[in-house]
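**Q** need a structure here:
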Amino acid sequence: MASAGSSANANAAAKFWDYFQAEKTQITLCAPQHNVQNRVRELDSKVREALIYLPPYDQKQLTKELDALRALVQKSNPASSRNTGFRFKTATARPSVAKQTVVEPVPATEPATKHGSAPTPSILFSKITSQWIVATNNGDEPTDCELRDISHCVVDLRAVSHHIRALNCHRMEGSIVICHPFAGSATIRDAQNSIVILGVQQLRFEGCKGVDVYTHCTSHPVIERSTSMRFSPYPAFVHSIDNPLSSMHDRVEDFNWLRRQHSPNWTLIDPETLDVLWKLLEDPKQLLQDALTHVPQ
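**A** Got it, this is the predicted structure:
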């Protein structure tokens with residue numbers, strides 16, 4: 001017998017498939033060019049959020065159809081194409097003249113195994129301080145993303161989240177990481193006084209302290225050797241009335257707390273506390289220090 005969770009996933013996937021096909025039909029019939037572009041971007045965002053419950057075949061098929069829609073829009077209006085890369089907002093730039101530079105991510109690879117298998121590529125940001133990192137389109141292949149030694153930064157991975165299989169973060173302090181929901185896992189180790197905003201299937205924190213987590217997680221989040229952790233729903237789902245899947249952000253498992261009583265190492269936080277910060281993250285002209293004033297102290 002199928003579990004309640006798998007049944008909810010199947011119903012949500014079927015409902016989203018019908019929504020996508022209806023929206024795709026409307027987009028192909030839409031005349032105004034600017035309206036087409038806006039609707040494709042909105043549909044792209046919806047697909048990213050749905051990845052956490054869509055089965056692999058649906059993920060592949062909808063992504064392929066979405067790419068075809070983008071190609072159609074770009075063919076009719078080549079000027080709509082965007083540059084790709086990774087942009088950094090300087091911490092000292094004024095809001096009216098915020099300067100962004102395009103840089104390439106550092107390619108990281110895992111060593112080959114004893115059997116000679118090929119290394120696994122990933123996106124790596126390492127040893128970065130006081131920067132606003134904005135990721136843009138980085139290709140179509142699924143990949144891992146790693147953040148290492150990040151200090152007092154905003155790391156915005158929303159634009160590449162649909163390519164991420166796994167997010168791994170090692171040693172982060174006073175920073176904000178934001179990512180659209182994706183069908184994979186996230187592991188954060190040795191993070192302090194930071195904010196993590198993402199939707200995943202599996203979420204784990206190890207050796208962390210003072211981290212606020214806004215998540216839509218389809219399994220129980222896990223903490224280990226961590227204290228002062230606060231959890232809340234992912235903002236895209238906060239005001240959703242017909243949310244097809246229940247999030248387990250409030251069912252955290254503390255591997256270092258074996259008593260029946262609630263673990264003192266984590267608690268819930270009001271999702272409305274994110275409202276002000278969310279507006280800052282949505283505005284590309286905001287200063288880095290304004291956003292970082294919201295991280296736990």
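
**Q** please name the nearest non-neighbouring residue to Ile188.
**A** In space, and not counting its chain neighbours, Ile188 is closest to Cys169: 4.5 Å by CB to CB, 6 or more residues apart in numbering. C-beta here means a position set from N, CA and C on the backbone, and glycine is covered the same way.

**Q** residues touching the one you found, list them.
**A** Each residue near Cys169 by CB atoms under 8 Å, 6 or more residues apart in numbering is listed here: Glu146, Leu147, Arg148, Ile150, Val177, Ala186, Thr187, Ile188, Arg189, Ala191.

**Q** with Glu173 instead?
**A** So Glu173 contacts Ile150, Ser151, His152, Ala191, Gln192, Asn193, Ser194 (CB under 8 Å, 6+ apart).

**Q** isn't the second one up against Ser130?
**A** When you say that, I think you mean Ser151. Yes - between Ser151 and Ser130 there is a contact at 7.4 Å, judged by CB atoms under 8 Å.

**Q** thinking again about what came up before, show me the contacts of Cys169 that map onto strands.
**A** Glu146, Leu147, Arg148, Ile150, Val177, Ala186, Thr187, Ile188, Arg189, Ala191 (DSSP state E).

**Q** out of these, who has the most neighbours?
**A** Ala191 (28 neighbours; other CB atoms under 10 Å).

**Q** for that one, name its beta-bridge partners.
**A** Met172 (DSSP bridges).

**Q** separation between it and His152?
**A** Using CB to CB, to the nearest Å, we find Ala191 at a distance of 13 Å from His152.

**Q** need the overlap of contacts for those two.
**A** Glu173, Ser175.

**Q** redo the ones in strands among the contacts of Cys169 as TSV? Include pLDDT.
**A** Converted to TSV, the ones in strands among the contacts of Cys169 look like this (pLDDT from 0 to 100):
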residue	pLDDT
Glu146	93
Leu147	95
Arg148	95
Ile150	97
Val177	97
Ala186	96
Thr187	97
Ile188	98
Arg189	97
Ala191	98
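
**Q** which among the residues you listed gets closest to Leu203?
**A** Ala186 (5.3 Å; CB to CB).

**Q** SS state for the closest residue in space to the closest one that isn't next to it in sequence?
**A** Nearest residue to Ala186, sequence neighbours excluded (CB to CB, 6+ apart): Leu167, at 4.2 Å. The three-state assignment at Leu167 reads strand, by DSSP: H, G, I helix; E, B strand; the rest coil.

**Q** for Leu167, give me its contacts.
**A** Leu167 touches 144-147, 157, 179, 182, 184-187, 198, 200, counting by CB under 8 Å, 6+ apart.

**Q** mind checking how far it is from Thr187?
**A** 7 Å.

**Q** over to Asn35?
**A** From Asn35 over to Thr187 the distance is 40 Å, taken as CB to CB.

**Q** repeat for Ile27
**A** Ile27 is 37 Å from Thr187, by CB to CB.

**Q** can you check Lys24 too?
**A** Lys24 is 35 Å from Thr187, by CB to CB.

**Q** equivalent analysis for Ile133, please.
**A** Where Thr187 is concerned, Ile133 sits at a distance of 19 Å (CB to CB).

**Q** quick one: which of the contacts of Glu173 is nearest to His162?
**A** Of all the contacts of Glu173, His162 sits closest to Ile150, with 21.9 Å by CB to CB.

**Q** and that closest one, what is it in contact with?
**A** Phe125, Ile128, Thr129, Cys169, Arg171, Met172, Glu173, Ser175, Val177.
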